[in-house]
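Following is a predicted model, sequence given first.
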Amino acid sequence: MKRLFTSITLLVALGLIFSVACSSEAEVIVEEKIVEVEKEVIKEVEVASSPGKLVIYSGRKESLVGPIIEQFKAASGIEVEVKYGSTGEIAATLLEEGKNSPADVFFAQDPGGLGAIANAGMFTKLSAEILGLAPDWAQSPDGLWVGISGRARTLVYSTADLDAADMPETLQGLTDPKWKGKIGWAPTNGSFQAMVTAMRVIWGEEETKTWLQAIKDNEAQVYPKNTPQVAAAAEGEILVGLVNHYYLHRFLSEEGDEFGARNHHLAGGGPGSLVMVAGGGILSTGKNQDNAEKFFHFMLSTVAQQYFAGQTYEYPLVEGVKTNRILTPMEEINKPDIDMAQLEDLAGTQTMLRDLGILE
């Protein structure tokens with residue numbers, strides 16, 4: 001009996017040793033698995049933390065938006081590639097490339113270029129969070145693109161020959177023969193074409209054609225863009241030019257208050273007082289959708305908006321950002337009540353300009 005008890009005790013002891021051994025082995029195995037899982041988690045975090053890239057097709061000049069895009073690149077760590085050109089050229093390129101375009105973002109000078117891409121079904125709808133950053137008037141009603149900065153149409157005039165009291169109330173005043181040979185315009189410029197599109201919306205087709213023909217008959221001098229018109233007004237080569245507001249302010253910042261030209265915002269309002277937006281949208285075929293959204297969040301942040309207000313003399317679209325002190329406050333501009341999406345028919349405007357012999 002004593003021997004039997006001893007044997008049983010021995011077996012129990014052996015069993016405990018075996019159990020402990022198995023238990024220890026299990027712990028080792030579990031520990032190894034934990035280590036392996038932890039290594040996997042670390043690997044996944046490292047992959048997710050890679051900022052990736054973004055391809056921007058910009059219809060805005062590098063001199064204007066290059067610095068703020070560089071700020072976005074530095075702040076985000078995202079590798080950014082930018083293709084620059086005029087808004088019309090970039091829009092045409094996107095339409096030609098179609099679904100094979102490498103672009104993630106189209107950054108355009110005006111709603112006309114954005115409308116061409118939106119109407120071709122190439123934009124994806126922006127998030128409510130992004131759209132909520134900009135005012136309703138400065139975005140597509142379908143949420144396909146959003147404004148980033150505001151740009152006012154104005155008349156620049158020679159201060160050596162005129163003062164504000166000599167300026168017309170509306171654009172129709174420029175059809176008076178007294179302005180013959182003294183007007184400058186840039187028919188190939190996207191902003192000018194956006195203004196003509198606004199004329200078609202506000203005045204109708206026939207009145208717009210009549211005005212364009214009258215300015216042509218008044219021997220308006222043709223310029224390739226806005227900048228040389230401002231310089232020409234300061235030199236007295238023309239008395240007035242049809243331009244965007246901010247070009248003058250660049251001259252003033254470089255040459256001081258003695259510069260011989262100033263802006264005039266038309267008291268009578270209408271399309272000559274149009275405030276339009278530069279803006280952008282996200283291509284539905286873009287491979288970097290998350291980074292594209294980050295780009296728009298940044299562009300509508302106070303940092304980027306302050307850049308546009310302070311460095312390019314444009315109007316910020318975000319509340320709480322101060323405009324440059326030399327700008328006419330937007331609320332003092334008698335701007336027409338027009339939906340930016342109504343400026344999308346760029347093709348119709350270009351057809352009208354060609355039919356009148358204003359564009360080749």
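Cool, the structure landed.

For the residue most central in space within the chain, what is the enclosing helix or strand?
Among the residues of the chain, residue 279 comes closest to the average C-alpha position under CA atoms, centre = their mean, at 2.6 Å. Counting by DSSP states H and E, the element that carries residue 279 is strand 275-283.

Each with direction, which strands does that strand pair with?
If you go by DSSP bridges, strand 275-283 pairs up with strand 105-108 (antiparallel), strand 123-124 (antiparallel), strand 146-158 (antiparallel).

residues making contact with stretch 79-96?
Applying CB atoms under 8 Å, 6 or more residues apart in numbering, the set of residues contacting stretch 79-96 from outside is 51-62, 66, 69, 72-73, 101, 103, 106, 108-110, 112-113, 116-117, 120, 122, 190, 283, 346. For glycine as for every other residue, the C-beta is placed from the backbone atoms N, C-alpha and C.

which ones are touching residue 236?
Residue 236 makes contact with 158, 160, 161, 260, according to CB under 8 Å, 6+ apart.

and it, how far is that from residue 176?
As defined by CB to CB, to the nearest Å, residue 236 lies at a distance of 19 Å from residue 176.

Repeat that for residue 84.
Residue 84 sits 40 Å away from residue 176, taking CB to CB as the criterion.

In terms of neighbours, single out the busier of those two.
When residue 84 and residue 176 are compared for neighbours, residue 84 comes out ahead with 17 against 11, by other CB atoms under 10 Å.

Next, give phi and psi for the more buried one.
For residue 84, the backbone dihedrals (degrees, to the nearest 10) come out as phi -100, psi 150.

Who does it form a beta bridge with?
residue 58.

Can you give me the buried ones in stretch 237-250?
237-250 (16 or more other CB atoms under 10 Å).

Throw these into a markdown table and include secondary structure and pLDDT, thanks.
Below are the buried residues of stretch 237-250 laid out as a markdown table (DSSP: H, G, I helix; E, B strand; the rest coil; pLDDT from 0 to 100):
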| residue | secondary structure | pLDDT |
| --- | --- | --- |
| 237 | coil | 97 |
| 238 | coil | 98 |
| 239 | coil | 98 |
| 240 | strand | 98 |
| 241 | strand | 98 |
| 242 | strand | 98 |
| 243 | strand | 98 |
| 244 | strand | 96 |
| 245 | coil | 96 |
| 246 | helix | 95 |
| 247 | helix | 95 |
| 248 | helix | 96 |
| 249 | helix | 94 |
| 250 | helix | 92 |
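
Between those residues, which sits nearest residue 299?
Distances from residue 299 to the buried residues of stretch 237-250, taken as CB to CB, are shortest for residue 246 (17.2 Å).

Counting neighbours, what do you get for the nearest residue to that closest one once chain neighbours are set aside?
Distance criterion CB to CB, 6 or more residues apart in numbering; nearest residue to residue 246, sequence neighbours excluded, is residue 313 at 4.0 Å. A count of nearby residues for residue 313, using other CB under 10 Å, gives 22.

Could you verify my assumption that residue 313 touches residue 254?
No: counting by CB atoms under 8 Å, no contact exists between residue 313 and residue 254, whose distance comes to 12.0 Å.

if we can go back for a sec, point out the most buried one among the strands paired with strand 275-283.
Across the strands paired with strand 275-283, averaging neighbours per residue (mean count of other CB atoms under 10 Å) puts strand 105-108 on top, at a mean of 27.

Go ahead and name everything in contact with that strand.
Residues outside strand 105-108 that contact it (CB under 8 Å, 6+ apart): 54-60, 65, 87, 90-91, 94, 113-114, 117, 123, 145, 148, 278-283, 286, 292, 295-296.

repeat that for 7 Å
In this structure, residues lying in contact with strand 105-108 by CB atoms under 7 Å, 6 or more residues apart in numbering are 54, 56-60, 65, 87, 90, 94, 114, 117, 278-283, 292, 295.

Can you show me the strands along the protein?
Assigned by DSSP state E, the chain shows strands spanning 53-58, 79-84, 105-108, 123-124, 146-158, 183-185, 221-222, 240-244, 261-264, 275-283.

which one of the contacts of residue 236 is nearest residue 342?
Among the contacts of residue 236, residue 158 lies closest to residue 342 (CB to CB), at 33.1 Å.

could you redo the strands of the chain as TSV and give each row distance to residue 194?
Below are the strands of the chain laid out as TSV (distance: least, CB to CB, whole Å):
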stretch	distance to residue 194
strand 53-58	17
strand 79-84	19
strand 105-108	10
strand 123-124	18
strand 146-158	8
strand 183-185	13
strand 221-222	18
strand 240-244	10
strand 261-264	18
strand 275-283	5
